[in-house]
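Student: Model the following, please.
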Amino acid sequence: MENKPTSIKLQNFTTESGVLIPSINLSYQVFGQVLNAAPIVLVNHALTGNSQVIGENGWWNNLIGDNKTIDTNKYTILAFNVPGNGFDKTYIENYLDFTARDIARLFLEGIRFLKVKELFAIIGGSVGGGIAWEMVALEPKLAHNFFPIASDWKSTDWLIANCYLQEKILCNSSKPIEDARIHAMLCYRTPESFKEKFQRNSTESFESFQVESWLNHHGEQLQKRFQLSAYKMMNQLLKTIDITRGRTTFENIISEVDANIYIIGINSDLFFTANENRETYHEIKKFKHNVFYSEIESQHGHDAFLMEYDQLNNLLDVVFKNKKNKMKILKFGGKSLANGEGINKVLDIITDKKSKNENIAVVVSARGNATDELEDILTIAAKNGNYKPLVESFKSYQQDGYNVDLSKEFALLDKLFEGVSLIGDYSEKIKDQVLAQGEILSAKLITAVLQDKGIAARFADTRELLKTDSNFGDAQPLEQISKKNIISYFKENSDIINVITGFIGSNNLGDTTTLGRNGSNYTASLIANYVDAEELQNYTHVDGIYTANPDLVPDAKKIDRLSFNEANEIANFGTTILHAKTIIPLLEKNIPLRILNTFNHENQGTLITSKSNKEGIKTLSVLENVALVNLEGRGLLGKTGVDARIFRVMGDNDISVSIISQGSSERGIGLVVNSNQATKAMIELEKEFENDFYSKDVNKISITDDVSVISIIGQDLSTFHKPYTSLIKNKVVPILFNNTVTGKNVSLVVKKSQLSKALNVIHGEIFGVSKKINIAIFGHGLVGGTLINQILESAAAIEKRKDIKLNVFAIANSKNLLLNKNGVSPNWKNEIQTNGFSYTIDDVIAFANENNLENLIAIDNTASAEFVENYVTLAENSFDLISSNKVANTLSYKFYKDLRKVLAENQKNYLYETNVGAGLPLIDTIKLLHLSGENITKIKGVFSGTLSYLFNNFSAKDVPFSEILKEAIDNGYTEPDPREDLCGNDVGRKLLILARELDLQNEFDEINIQNLIPEHLREGNVTDFLTKLKEFDPIYTKIKEEQEPNHVLRYIGELSGDLQNDKGNLEVKLVSVLSDTALGGLKGSDSFFEIYTESYGDRPIVIQGAGAGSAVTARGVFGDLLRLSDKG
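Tutor: Residues are numbered from 1 along each chain as shown. Modelled structure (predicted):
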């Protein structure tokens, strides 16, 4: 069935120039799958093209069709005709009314008419690419992928000039189409293309040159199929491409575009030059990560996009992925190739891929630690040391029992080392020759072993393929000749597994060179680029890229997917697995990079492609072996050229600066440089600023050694406050701070001794892992023991619900300490008896520091006044405090204030909600009222659960007081010596704590406390006391009987007086109250508190509930722990 164009009538279209067109015809064709039934690819035709993309006269049959790169079995192909191009018999005479943007708008109207919601891709060549640029600028969310080919977002002056000449020919020539076409062909092709095709040959009749005949033929052919008005229209569109005309900036427009942008230039294009395409790519790359540039290499100029189909197929296949059995590059590192398990795993991987008929090439590093060993031998030989035993050890390892002839390489090494030993020195050129043998030995051995296994393999020496400059030690590849060599090599050797040496190349004289740091990965990346590989698989000894170094951060998680942009940032900021120069060749061709583990073949590793799974923070990278150079001087403030002088000194001395940060107040400038260059940097800066020292403009230039740099990749500066606050809280103060211009990466310089702690603190705050809270618990009696068990039993549920991991790393009693950095077990009671040891508080602090434990909390569940003396030391060493022990808050007012000063200075918290009301929210309520400015006028209530139980029951029952007291003792409601409850001091302490929450300066001895114990029973041992309980009966029976009717006894604490002064009135006493009041109706062992305020008048705020018991108190301490964990 013939596929003819279908027309849409668009009404009332107004052009950019303001011309209203009542009706305009827009025609289109659809190929492949039914519209909206498969991913849609929009193809925009070029100047003399049309919507007939494929078929009998299809102009892109080589790219689109059944099982072609753009497979019509998988995709719907949509193509519009530019109105007026004549293909649908529609002609427009008023061509000057139109611009490329008008056509883009018409195409978008057509897309909306067809109810197309999104496009898988927009592809356009030449003017079709320009219209596509206009389309994505107008509808930035429409397409997933955008391929502008031999085009650009704007028409250049050169292009406009040629279009102007074309217009003159079209308007004035007697044969306008023919003559314009002849001129155009000179722009579409290149002198080299003409030379190759014609060689200045004449026609058979010698009447003209062949080139003339060819040009006339093209002119005549176009005359037969094209209309003059159509030519004028298309020429007008070509010169009016400019997505910024009348709009905002290029960056503002393109930053809104969601599509992956694949710019394809042609190295010989005269219309849209490769340089202009590269400039566009580099400009977009500044603000958009998913843009890629590729280049067709051809001598045929602009028309190459209609000629070089093999290259274009390869470039489009990046997205359409229809090419069968593309090559995968496998790169194996030194640890993967080490003797034993490593090399066996490598051979298994290669064998497995071969058995699956995968098309692979293998790039190898030197095996084991060969590179370092060869460099060490060189150093020893140069000092005339005894290097020969090391050489023999090296040979033995490299041979490792394999029957492989490596004698040539070993002989060369012997000769080179001997020469170095005789001379006492070596050049970088000799060093490269020596180090290169590591990769050569590795590749030769792997090749031979594969061959022994019956696998066809060939050793490939990259010195014959990769040509470089002569910068020995860090040579740069010469792209054109290297690419040509590698493409040619693989064309001739595609039927075999090529085992290729990484790291090395040669200059034009044939001298061996090395590619510097990460050189083998760079080799693999370049080869992948040159052969348009399907994927580069980098086999290492780790499972992929992690959120942090797992050796330093145990909670680090593997990242499944990264974008090239993120990977490039990670590489720039210090990861050892990636290097920026490795990323760039892959990014140019959008070739995926997968980081895999040789030793864990089932793991899928980390895949690096054009897009990551989500935005946000990706990883923490670390730079070690660096130093901080500080330049300080108030006199430099406001002086121009200071920064330029610093950078000039660094540049002139080849000193690499990884981070720079400045502070205006002291005009301090900090530079992070490699530690081995720090002294040189300081000396050279001192020379540069010598006169500034004399004028006192510079005070000093110094070096801070033993520092590390932590870079947070993807960290937005606006959300950095949480990790930064957490660092300060954990007493890690960054020495220097820096963020990138984009604000998406933050770097900190910290003391090397604090690196591990800093990494764990930051990682815990910003990644999807539980924040770890490290807890030391002192005292494991009724309250402490219950608390420990509560934490251990609830830890898993809390981590799941709140992303907080509670880790009890220390348990201590008055004699013994139990430590475990990973947390104590449920069997802690036995372990502290068997494994505990005597200690001081310094042992706990030292253990926390040695194990880089972050988010430290010390919990005091003792009743010890002696232990309270450790609070200051703990706070000064990064511990927050929680206490059920009331002593610290009831010692002298001076101690009370001094402790809070230390807490403030160290940004530590101290919570003690259980000090007064056990599990009741009393202290928090009073704090909030006081801080809000509410005037609290009185607080009174039953503060003791024990005494509440005694008098509630004594008042309600007709039994002696001693009987109730004995019942309380038997049920464990009292202290072992009940006199500690009955004396009233505990209530007094609780009342004092509340007074101090109101900023009152009372001391304990200022409290008026009614002691419930008869005087003659207050002294003596507890055993004797317990035998004399009946002596309470006459006293309290009399008090009970003397009450007024309907009254009950309650032992209360009361804070009153003018509480706006420095001191209040504190009383603890036994009172008689009406039984039908809230206080009189108290039952069991409940505590009860009334808080009177100025705002509420006679209607107090009442807090009532269980006020005693180890479980209740422990739960209250647990609440403080969770509150502090959330806060910190």
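
Student: Give the helix, strand or coil label for the residue nearest to residue 278 when sequence neighbours are not counted.
Tutor: Spatial nearest neighbour of residue 278, excluding adjacent residues (C-beta to C-beta, 6 or more residues apart in numbering): residue 293 at 6.3 Å. Quick note: C-beta positions are derived from backbone N, CA and C, even for glycine. For residue 293, the secondary-structure state derived from DSSP: H, G, I helix; E, B strand; the rest coil is strand.

Student: Please apply the same query to residue 523.
Tutor: Classified using three-state DSSP, residue 523 is helix.

Student: Pull stretch 505-514 out as PDB, backbone CA atoms only.
Tutor: Only the C-alpha atoms of stretch 505-514 are listed here, as PDB (Å, rounded to 0.1, in the frame of the first residue of the first chain):
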ATOM      1  CA  GLY A 505      52.300   4.300  24.300                       C
ATOM      2  CA  SER A 506      55.100   5.700  22.200                       C
ATOM      3  CA  ASN A 507      56.100   9.000  20.700                       C
ATOM      4  CA  ASN A 508      56.700   9.600  17.000                       C
ATOM      5  CA  LEU A 509      60.300   8.500  17.500                       C
ATOM      6  CA  GLY A 510      59.200   5.200  18.900                       C
ATOM      7  CA  ASP A 511      60.300   5.900  22.500                       C
ATOM      8  CA  THR A 512      58.200   4.300  25.200                       C
ATOM      9  CA  THR A 513      55.900   6.700  27.100                       C
ATOM     10  CA  THR A 514      53.500   6.200  30.000                       C
END
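
Student: Pull the residues that contact it.
Tutor: Stretch 505-514 has contacts (C-beta atoms under 8 Å, 6 or more residues apart in numbering) with 429, 432-433, 435-436, 462-475, 477, 482, 503-504, 515.

Student: Mind checking which of the residues you listed are in strands?
Tutor: Among the contacts of stretch 505-514, the ones falling in strands (DSSP state E) are residue 504.

Student: Model confidence score at residue 578, please.
Tutor: If you check residue 578, the pLDDT there is 69.

Student: how near is the closest residue to residue 534 other than its chain neighbours to residue 535?
Tutor: Nearest in space to residue 534, with sequence neighbours left out and distances taken as C-beta to C-beta, 6+ apart, is residue 326 at 3.7 Å. According to C-beta to C-beta, to the nearest Å, residue 326 stands 8 Å off from residue 535.

Student: next one: residue 1127
Tutor: 47 Å.

Student: What's the local residue count around residue 997?
Tutor: Residue 997 is flanked by 21 other residues according to other C-beta atoms under 10 Å.

Student: Then residue 8?
Tutor: 15.

Student: try residue 837
Tutor: 11.

Student: Could you double-check that it lies in contact with residue 816?
Tutor: Yes - contact criterion C-beta atoms under 8 Å: residue 837 and residue 816 qualify, at 6.3 Å.

Student: what's the overlap in contacts for these two?
Tutor: Common neighbours of residue 837 and residue 816 (C-beta under 8 Å, 6+ apart) do not exist.

Student: can you pull the contacts of the closest residue to residue 560 other than its chain neighbours?
Tutor: Distances taken as C-beta to C-beta, 6+ apart place residue 606 nearest to residue 560, at 6.5 Å, with adjacent residues excluded. By C-beta under 8 Å, 6+ apart, the contact set of residue 606 is 544, 545, 558, 559, 560, 561, 562, 594, 595.

Student: Now, of these, which are buried?
Tutor: Buried members of these, scored by 16 or more other C-beta atoms under 10 Å, are 544, 545, 558, 559, 561, 562, 594, 595.

Student: Could you pull up phi and psi at the fifth one?
Tutor: Backbone torsions of residue 561, given as degrees, to the nearest 10, read phi -150, psi 140.

Student: Identify the bridge partners of it.
Tutor: residue 607 (DSSP bridges).

Student: distance of it from residue 609?
Tutor: Taking C-beta to C-beta, one finds residue 561 at 7 Å from residue 609.

Student: try the second one
Tutor: As judged by C-beta to C-beta, residue 545 and residue 609 stand 13 Å apart.

Student: Now do the shared contacts for the two.
Tutor: Counting by C-beta under 8 Å, 6+ apart, the residues touching both residue 545 and residue 609 are residue 562.

Student: what are the ranges of the helices in the stretch 451-600 of the chain?
Tutor: Secondary structure of the stretch 451-600 of the chain (DSSP state H, counting those that start in this stretch): helices at 479-492, 519-530, 564-572, 580-589.

Student: out of the ones you listed, deepest packed?
Tutor: When the helices of the stretch 451-600 of the chain are scored by mean count of other C-beta atoms under 10 Å, the highest mean neighbour count falls to helix 519-530 (a mean of 27).

Student: All set now, cheers.
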